[in-house]
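*Asks:* Provided below for reference: sequence and predicted model.
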Amino acid sequence: AQKVTQAQTEISVVEKEDVTLDCVYETRDTTYYLFWYKQPPSGELVFLIRRNSFDEQNEISGRYSWNFQKSTSSFNFTITASQVVDSAVYFCALSEARWDYKLSFGAGTTVTVRA
Amino acid sequence: EAGVTQFPSHSVIEKGQTVTLRCDPISGHDNLYWYRRVMGKEIKFLLHFVKESKQDESGMPNNRFLAERTGGTYSTLKVQPAELEDSGVYFCASSQRQALQETQYFGPGTRLLVL
């Protein structure tokens, strides 16, 4: 069964538009972590954020913000005022205590920001 | 501080040949992970080392794959003999200490193409 679902395969926006990436997860653990990674065209996976299951506070870092809602098992990611450099594949991932915290990834969302 | 490095960045081999991928984790990181992304699919866990010991190899596809981490430093992943379905991007990640919930930092990946 899919543990992490990223329903959007591709999103294309024009620069300065906001873009929200959806992530829905499934777990029976009470202790778990959620992550977002960015994969730019150069290929490496860049860590963006880690959030534990006991902290539902939303977080903002510059133009990036994350909305964690346990009630809907979602951990959505918004890029405000998108820029061309934001073009990348974005992966949401889950790590659970019962599986020794190895990462389960979603399929990724490809974001293309056009100038 | 140097990040996770992987070598080679690309490898093109013929079916039946052998390929060895190398990963150098971040210095001092005890945990080392291998993941793989087959074309268009999710990034999937392969195995996890704690220092030189295999903690979890439940994701290894079959016995054509052999991973080692001699001395608890760098790791190698050998595929012998390679098959067409082994094509994909192989990522290595490392995390600090024995606390498994620590953030995993990824390398740039090795793109393997089996013809």
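*Replies:* Yep, it's here.
*Asks:* residues of chain B that sit close to chain A?
*Replies:* Residues of chain B lying near chain A by C-beta under 8 Å from any C-beta of the partner chain: B:9, B:33, B:35, B:41-45, B:48, B:55-56, B:59, B:89, B:91, B:93, B:100-101, B:103-109, B:111. Every C-beta, even on glycine, is put in place using the N, C-alpha and C of the backbone.
*Asks:* show me the residues you listed that map onto strands.
*Replies:* B:33, B:35, B:43-45, B:48, B:55-56, B:89, B:91, B:93, B:105-106, B:111 (DSSP state E).
*Asks:* near chain B, which residues of chain A?
*Replies:* A:4, A:33, A:35, A:37, A:42-47, A:50, A:52, A:91, A:93, A:95, A:97, A:100-108.
*Asks:* that older thread, rebuild the ones in strands among the residues of chain B next to chain A as TSV, extending it with pLDDT and neighbour count.
*Replies:* Below are these laid out as TSV (pLDDT from 0 to 100; neighbours: other C-beta atoms under 10 Å in any protein chain shown):
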residue	pLDDT	neighbour count
B:33	95	26
B:35	97	26
B:43	95	25
B:44	95	18
B:45	95	23
B:48	93	25
B:55	89	16
B:56	91	17
B:89	96	20
B:91	97	26
B:93	95	27
B:105	92	20
B:106	94	23
B:111	96	16
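*Asks:* and residue A:67, what are its bridge partners?
*Replies:* residue A:76 (DSSP bridges).
*Asks:* quick check, it in contact with residue A:57.
*Replies:* No: the criterion here is C-beta atoms under 8 Å, and residue A:67 misses it with residue A:57 at 10.1 Å.
*Asks:* those two - which one has more neighbours?
*Replies:* More crowded of residue A:67 and residue A:57, by other C-beta atoms under 10 Å in any protein chain shown: residue A:67, with 16 against 7.
*Asks:* now do the contacts for the more buried one.
*Replies:* A:58, A:74, A:75, A:76, A:77, A:78 (C-beta atoms under 8 Å, 6 or more residues apart in numbering or on different chains).
*Asks:* nearest to chain B, of these?
*Replies:* Within the contacts of residue A:67, the smallest distance to chain B is 15.1 Å, found for residue A:75 (C-beta to the nearest C-beta).
*Asks:* that closest one and residue A:21 touch, don't they?
*Replies:* No: counting by C-beta under 8 Å, residue A:75 does not reach residue A:21; the two are 9.7 Å apart.
*Asks:* joint contacts of these two?
*Replies:* residue A:92.
*Asks:* so what are the sheet partners of the lowest-mean-pLDDT helix or strand in chain B and their directions?
*Replies:* Least confident helix or strand, chain B: strand B:53-56 with a mean of 91, by mean pLDDT, DSSP states H and E. Using DSSP bridges, strand B:53-56 pairs in its sheet with strand B:43-50 (antiparallel).
*Asks:* so how far is the strand it pairs with from its chain's centroid?
*Replies:* The chain centroid and the centroid of strand B:43-50 are separated by 7 Å, computed with C-alpha atoms, centre = their mean, to the nearest Å.
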